[in-house]
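K.L.:
Predicted model follows, preceded by the sequence.
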Amino acid sequence: MRPQNDNSSPAVLHFPRRNILSPREASHYLGIRPSHLCIMKWLRCGPKPISINRQTLYTEAELRAFRLGLLQAVGVGEQDGPYREMHGHAPSLTAGEEGGTGEKPATDPLLVLLSANLIRRRALGVSLWGMLLLGIGIDLILF
């Protein structure tokens, strides 16, 4: 006899060999602020999120590709010099605490600057296109 699926309990999904990270863990993995990751999600210029049970999550492979793309845009290699990929995973963070000792997670200054520049460029492009479309709309209405 099959059990009834009442959709009241959360579904457990298992992705073999894929690490799925929450937005807080993903921002810690990238070394940027969580607000930068949220803004990049809304501007659609950040790593591609996946949605599971209406939650936004990120795969580790997508985060790694995004990080490498940002670093290669300015000519910095992941294995050249101080930007070596840290082995291990971001510690699981709960919603109420920043870390086990109460400290904020470490941010990478270069990636913070690169993500802020990406946000700035994308926001400028979106606002200019919006003003252009608004101007065309006003011209069509008035003339």
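P.N.:
Arrived safely.

K.L.:
show me where the chain has strands.
P.N.:
Assigned by DSSP state E, the strands in the chain fall at 20-21, 50-52, 55-59.

K.L.:
Report the rounded mean pLDDT for the first one.
P.N.:
pLDDT averaged over strand 20-21 equals 92, rounded to a whole number.

K.L.:
looking just at contacts, which helices and strands does it meet?
P.N.:
strand 55-59, helix 60-73 (3 or more CB pairs under 8 Å, 6 or more residues apart in numbering; DSSP states H and E). Just so you know, the C-beta spots here come from the backbone N, C-alpha and C atoms, and that holds for glycine as well.

K.L.:
what does that strand rub up against?
P.N.:
Contact partners of strand 20-21, identified using CB atoms under 8 Å, 6 or more residues apart in numbering, comprise Tyr29, Ile50, Ile52, Leu57, Tyr58, Thr59, Glu60, Leu63, Ala90.

K.L.:
In PyMOL, select just the buried ones from those residues.
P.N.:
In PyMOL, this line selects whichever of those come out buried by 16 or more other CB atoms under 10 Å:
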select buried, resi 29+57+58+59+60+63+90
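
K.L.:
circling back: just put the strands of the chain in TSV and tack on distance to Gly75.
P.N.:
TSV is the format used below for the strands of the chain (distance: least, CB to CB, whole Å):
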stretch	distance to Gly75
strand 20-21	27
strand 50-52	30
strand 55-59	25
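
K.L.:
closest to Leu43 out of the ones you listed?
P.N.:
Closest of these to Leu43 is strand 55-59, at 14.2 Å (criterion: CB to CB).

K.L.:
strands paired with that closest one, and their directions?
P.N.:
strand 20-21 (antiparallel), strand 50-52 (antiparallel) (DSSP bridges).
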